[in-house]
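Enquirer: Build me a model:
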Amino acid sequence: MTALQQYVDIWWRSVGDFVELVSALPQEDWSRPTDLPGWDVRAVVSHVAHLEGVLGGAPEESVAVPELAHVVGPMGRFTEIGVITRRDVEPASVVEQIRRYTAARHADLLATPPTDPGAPAPGIFGLIGWNDRTLLRNRPLDIWMHEQDIRRATGHPGNLDSPGARHSADYLLESMGFVLGKRLKAAPGTTLVAAVEGHRPTAITVDGSGRGVSLPEPPTEPDVTLRMGRETFILLAGGRRPAARADVVVDGDTDLAARFLAALAVTP
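Expert: Below is the predicted model:
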């Protein structure tokens, strides 16, 4: 199985987990607020239905998006379209849209497996510069992260060791060098180790050009080591709950650790 096919497989499993969760929610849970500003559970499920519909051949949706505090930039306005157009749709119908269009997309991907990671992604995703590798890696991340948003909102924790969970954390761990070098502009030679439970420790340093780069092995005495569970890391790297910093064990430079954790959110 190629890397692209593995992404498809993880996405499909994540879709199954997502649909199983949301199809069992009682009506009252759909109005519960999530950690995402401006979005309740209905909005999260609607967003997933919209994006999977775009990929699965659904008719194009168009609606005026009003000025909203949580909507930022063109992509934010685009993702809000699906929320608005499903505001009065029955929950079961929204879930059925996800089933229908993900099934169509999955059938297409099995019939014609993707082979070129650099091929432009379809539709709007290609227009924003994504290739197939980026799109296929992103979909299981998006699905699983939103599953967790809904689990927290409705009091159904779990599924933290699924293929989607491991994929999402590994994916977000790749951004640690960006945070240390680009965002914090740490001095060249600065070293940091992120030890997330269930994953190989991620060791990074800042090179002479100011870039955060990966190290093959953790240094003997890094400037700081951050130890945390997978859920804590997801909450921080996903920009969900800054208070989760309290669950991180810090060894070394506490000031650097505090600045790094404050800048850790790498996905909306």
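
Enquirer: now the strands: where do they sit in this protein?
Expert: Across the chain, reading from the start of the chain, the strands by DSSP state E fall at 191-196, 202-206, 212-214, 224-228, 249-252.

Enquirer: Now mean pLDDT, mean neighbour count and distance to Q6 too, for those strands, in a markdown table please.
Expert: Just so you know, the C-beta spots here come from the backbone N, C-alpha and C atoms, and that holds for glycine as well. Conversion of the strands of the chain to a markdown table gives the following (pLDDT from 0 to 100; neighbours: other CB atoms under 10 Å; distance: least, CB to CB, whole Å):
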| stretch | mean pLDDT | mean neighbour count | distance to Q6 |
| --- | --- | --- | --- |
| strand 191-196 | 98 | 23 | 20 |
| strand 202-206 | 98 | 22 | 20 |
| strand 212-214 | 97 | 16 | 21 |
| strand 224-228 | 98 | 21 | 26 |
| strand 249-252 | 98 | 15 | 32 |
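
Enquirer: ok now do the closest residue in space to P218 that isn't next to it in sequence, which residues does it touch?
Expert: What sits nearest to P218 in space, not counting adjacent residues and going by CB to CB, 6 or more residues apart in numbering, is A203, at 4.1 Å. A203 sits next to T191, L192, V193, S214, L215, P216, E217, P218, P219, P222 when contact means CB atoms under 8 Å, 6 or more residues apart in numbering.

Enquirer: What is the nearest of those to R99?
Expert: S214 (39.0 Å; CB to CB).

Enquirer: ok, back up a step: just give me the closest of the contacts of A203 to P113.
Expert: Out of the contacts of A203, the one with the shortest distance to P113 is S214. That distance is 29.4 Å, counting by CB to CB.

Enquirer: Quick check, that closest one in contact with I204.
Expert: Yes: S214 is within contact range of I204, at 5.7 Å (criterion: CB atoms under 8 Å).

Enquirer: Mutual contacts of these two, please.
Expert: Contact criterion CB under 8 Å, 6+ apart; residues bridging S214 and I204 by contacting each: G177.

Enquirer: Run through this structure and note the low-pLDDT ranges.
Expert: Along the chain, the model assigns pLDDT under 70 to residues 268.

Enquirer: Domain ranges for it, per the record?
Expert: Structural domains annotated on the chain: 3-154, 174-262, as defined by automatic domain parsing.

Enquirer: mind listing what the residue lying closest to S23 once chain neighbours are set aside touches?
Expert: Nearest non-adjacent residue to S23, counting by CB to CB, 6+ apart: V95, 5.0 Å away. Contacts of V95 were listed using CB under 8 Å, 6+ apart, and they are V19, V22, S23, V45, A49.

Enquirer: List the neighbours of stretch 5-16 that are in contact with it.
Expert: Here stretch 5-16 makes contact (CB under 8 Å, 6+ apart) with 1, 52, 98, 102, 106, 109-110, 113-114, 133, 136-137, 139-140, 143-144, 147, 162-164, 167.

Enquirer: Which of those residues are buried? Put it as a PyMOL command.
Expert: To isolate the buried ones among these in PyMOL, judged by 16 or more other CB atoms under 10 Å, type:
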select buried, resi 52+98+102+106+109+114+133+136+137+139+140+143+144+147+162+163+164+167
